[in-house]
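# Sequence first, predicted model second:
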Amino acid sequence: MTGYPTRIDFASARDIVRGVAGNRMLKAERVPVTRASGRILAEDITSPIALPPFDNSRMDGFAFAHASLSKEGSTTLRLMGQQFAGRLQDLEVGAGECVRITTGAPLPRGTDTVAIKEDCVEDKGAVHVPAGIAPGADVRRVGEDVQAGVRVLEEGQWLTPARVSLAAALGIASMAVTQRPTVAVFTTGDELVEPGLPLAPGQIYNSNRDLLMGLLRAEGLEPTAWPTLPDDPERMKVVLADAAAAFDVVITCGGVSAGEKDHVPGLLAANGRIHFWKVRMKPGMPVLFGELDRALFICLPGNPVSVLATFLTLGRDLLDCLQRRREPRPRWKAVLGAPWRKTHDRLEFLRGWLDGTPDGRLLVMPNAADASHQLRAAADSNALIVLSEGARDYRAGDVVDVIGC
Ligand code: AMP
Ligand code: MG
């Protein structure tokens with residue numbers, strides 16, 4: 001098996017994933033705005049209206065013309081009507097007059113300023129307004145949030161609830177978003193047993209399926225999991241070919257290393273294509289990226305922490321690229337809370353706990369249980385600490401990159 005890059009550095013692996021996925025980007029579809037959260041926007045959105053759409057009151061109180069206020073001291077104004085949020089009344093407020101108004105209500109003609117209800121005294125059709133109110137106080141001006149005709153959202157943006165809400169505020173009922181990739185999940189290994197069944201000697205419970213399903217669902221995807229595949233190349237070939245014909249992405253875990261029972265690389269080399277196999281990273285060195293039929297394959301090693309690290313880095317990049325996500329995932333700089341000695345030259349994604357310090361820094365404490373089978377350390381972590389290729393000795397206080405996990 002040759003003719004593909006192997007033992008490459010992490011940045012090259014990521015570039016290959018992005019390059020291949022970039023040629024396979026998914027089509028756009030239109031979804032109602034109520035279903036758009038978490039999707040990737042596939043069009044620019046220009047504001048069809050201004051926000052606020054009209055001048056309105058910021059508070060419950062009384063609206064009047066600022067010119068009606070006396071230059072010194074408080075003013076007594078005649079209460080001539082009321083304007084609540086909703087329908088615009090046909091009011092014309094004259095000099096020396098005011099109207100009762102509620103938050104969000106349009107300012108009646110002749111008014112430009114609001115006094116807060118709690119600051120005023122109402123008495124038999126008159127309102128005493130205190131001194132010192134600035135012109136335009138407590139008025140929200142048309143367009144001060146968004147002007148009409150400007151680009152407010154861009155193709156490739158991840159639709160957070162706030163972005164979807166902005167579109168809704170502009171009256172947009174549907175948006176073009178990139179289709180979701182369909183994803184098939186395979187766990188492999190003769191030793192695997194489903195939770196709930198008894199363990200025979202030599203067997204372990206399948207933990208990677210729930211890890212992967214959870215990671216994928218956290219991305220808003222609806223992955224499909226297969227029953228565990230035994231380490232049987234014939235069976236694997238048939239089942240994987242089936243999935244490859246129907247899904248955009250196939251994620252396998254296990255069976256991708258150099259052992260006698262590791263059949264995945266041979267299957268892909270013989271029936272599809274390998275884009276790379278083995279990346280100089282820890283954990284997850286044996287990770288493979290390839291394709292078969294219509295599906296892109298990302299084949300993760302079996303150890304659970306390798307699954308976590310390779311999915312969050314290469315796997316998620318693949319899914320992001322397919323969906324044309326332009327905004328990079330957040331990555332922070334943090335101060336290392338304890339020294340760490342790397343025993344190898346590879347890029348490492350070490351588990352750790354990220355927290356803010358009282359003086360406003362981010363501090364990350366590495367978890368000493370750094371082996372790729374030590375799932376407990378991953379469960380006790382909220383971050384992956386990125387330790388550079390080549391670097392060896394880290395001191396407490398060194399600044400490192402971290403990724404949330
Ligand atoms: P492999 O990559 O198949 O050689 O597996 C590497 C290690 O990960 C072995 O100790 C496997 O037992 C373990 N492993 C593989 N698949 C799973 C899984 N789905 N859940 C838990 N551990 C696994
Ligand atoms: Mg295996």
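Looks like it came in fine. Ligands and ions are numbered 1, 2, ... in the order given.

# Check the residue of the chain positioned farthest from its centre and give its pLDDT.
Distance from the centre of the chain peaks at K124, with 55.7 Å (Cα atoms, centre = their mean). Per-residue pLDDT puts K124 at 95.

# now do M1
Listed pLDDT for M1 reads 47.

# how about the residues of the protein near ligand 1?
187, 189, 191-192, 204, 206-208, 253-257, 259, 301-304 (Cβ under 6 Å from any ligand atom). Backbone N, C-alpha and C define where each C-beta goes, glycine included.

# The one residue in the stretch 251-400 of the chain that gets nearest to ligand 1 and ligand 2: what is the separation?
Nearest residue of the stretch 251-400 of the chain to ligand 1: G302, at 2.3 Å (Cβ to the nearest ligand atom). Going from G302 to ligand 2 by Cβ to the ion, to the nearest Å gives 5 Å.

# Which parts of the stretch 301-405 of the chain are strands?
Remark: strands assigned in the stretch 301-405 of the chain by DSSP state E, counting those that start in this stretch are 332-336, 340-341, 347-356, 362-366, 383-387, 393-394, 399-404.

# and the angle from the last one to strand 383-387?
Between the direction of strand 399-404 and that of strand 383-387, the angle (axes from the mean of the first three to the mean of the last three Cα atoms, to 10 degrees) works out to 140 degrees.

# partners of strand 399-404, with directions?
Applying DSSP bridges to the sheet, strand 399-404 is found paired with strand 332-336 (antiparallel), strand 383-387 (antiparallel).

# Including mean neighbour count, could the ones you listed go into a markdown table?
Formatted as a markdown table, the strands paired with strand 399-404 follow (neighbours: other Cβ atoms under 10 Å):
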| stretch | mean neighbour count |
| --- | --- |
| strand 332-336 | 16 |
| strand 383-387 | 23 |
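
# Out of those strands, the one nearest ligand 2 is which?
With Cβ to the ion as the criterion, ligand 2 lies closest to strand 383-387 of these, at 23.6 Å.

# ok, residues contacting the closest one?
308-309, 312-313, 331, 334, 336, 340, 342, 347-354, 364, 366, 394, 400-405 (Cβ atoms under 8 Å, 6 or more residues apart in numbering).

# could you flag which of those residues are buried?
Listed as buried from the contacts of strand 383-387 are 308-309, 312-313, 334, 336, 340, 342, 347-352, 354, 364, 366, 394, 400-403, 405; burial here means 16 or more other Cβ atoms under 10 Å.

# coming back round to it: might one say that the residue of the stretch 251-400 of the chain closest to ligand 1 is in contact with D190?
No - assessed by Cβ atoms under 8 Å, G302 is found out of contact with D190, at 11.5 Å.

# Shouldn't A67 be within a strand?
No - read with DSSP: H, G, I helix; E, B strand; the rest coil, A67 is helix and lies in no strand.

# show me the contacts for the nearest residue to it once chain neighbours are set aside.
Spatial nearest neighbour of A67, excluding adjacent residues (Cβ to Cβ, 6 or more residues apart in numbering): A95 at 7.0 Å. Shown in contact with A95 (Cβ under 8 Å, 6+ apart): 65, 67-68.

# Pull out the buried members of these.
Among the contacts of A95, those classed as buried by 16+ other Cβ under 10 Å are 65, 68.

# which among the contacts of A95 gets closest to ligand 2?
The shortest approach to ligand 2 among the contacts of A95 belongs to A65, at 79.2 Å (Cβ to the ion).

# closest to P233 out of the strands of the stretch 301-405 of the chain?
Evaluated over these, closeness to P233 peaks at strand 347-356, with 30.5 Å, by Cβ to Cβ.

# Sheet partners, orientation included, of the closest one?
Next to strand 347-356 in the sheet, as set by DSSP bridges, lie strand 281-282 (parallel), strand 362-366 (antiparallel), strand 383-387 (antiparallel).

# contacts for it?
9-10, 280-284, 305, 309, 312-313, 332, 334, 340, 342, 362-367, 369-370, 377-378, 380-389, 402-405.

# Can you name the residues that contact the residue farthest from the centre of the chain?
Taking Cβ under 8 Å, 6+ apart, one finds nothing in contact with K124.

# and the gap between it and L79?
To L79, K124 is 9 Å away according to Cβ to Cβ, to the nearest Å.

# got it, and G104?
In this view, G104 and L79 are 20 Å apart by Cβ to Cβ.

# One more: L211?
65 Å.

# neighbour-wise, which of these two wins?
The neighbour comparison of L211 against L79 (other Cβ atoms under 10 Å) goes to L211, with 21 against 17.

# what's the helix or strand that one falls within packed up against?
Using DSSP states H and E, L211 maps to helix 208-218. For helix 208-218, the contact count by 3 or more Cβ pairs under 8 Å, 6 or more residues apart in numbering; DSSP states H and E identifies strand 183-187, strand 224-225, strand 249-253, helix 304-310 as packing neighbours.

# Listing partners with orientation, what would you give for the second one?
Put plainly, it is strand 224-225. By DSSP bridges, strand 224-225 pairs with strand 183-187 (parallel).

# and the partner strand, is it in reach of ligand 2?
No - Strand 183-187 stays clear of ligand 2 (Cβ under 5 Å from the ion), getting no nearer than 9.3 Å.

# okay, the angle between that strand and strand 249-253?
Using the same axes, to 10 degrees: strand 183-187 against strand 249-253 is 20 degrees.

# And the average pLDDT for the helix or strand just after strand 183-187 is what?
Next along the chain after strand 183-187, taking DSSP H and E as the criterion, comes strand 192-193. Taken as a whole, strand 192-193 has a mean pLDDT of 98.

# Distance check, D9 against D345.
Where D345 is concerned, D9 sits at a distance of 10 Å (Cβ to Cβ).

# my bad, A13
Using Cβ to Cβ, A13 is found at 16 Å from D345.

# picking that back up, could the contacts of A95 go into CSV alongside pLDDT?
Listed next are the contacts of A95 as CSV, based on pLDDT from 0 to 100:
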residue, pLDDT
A65, 98
A67, 98
S68, 98
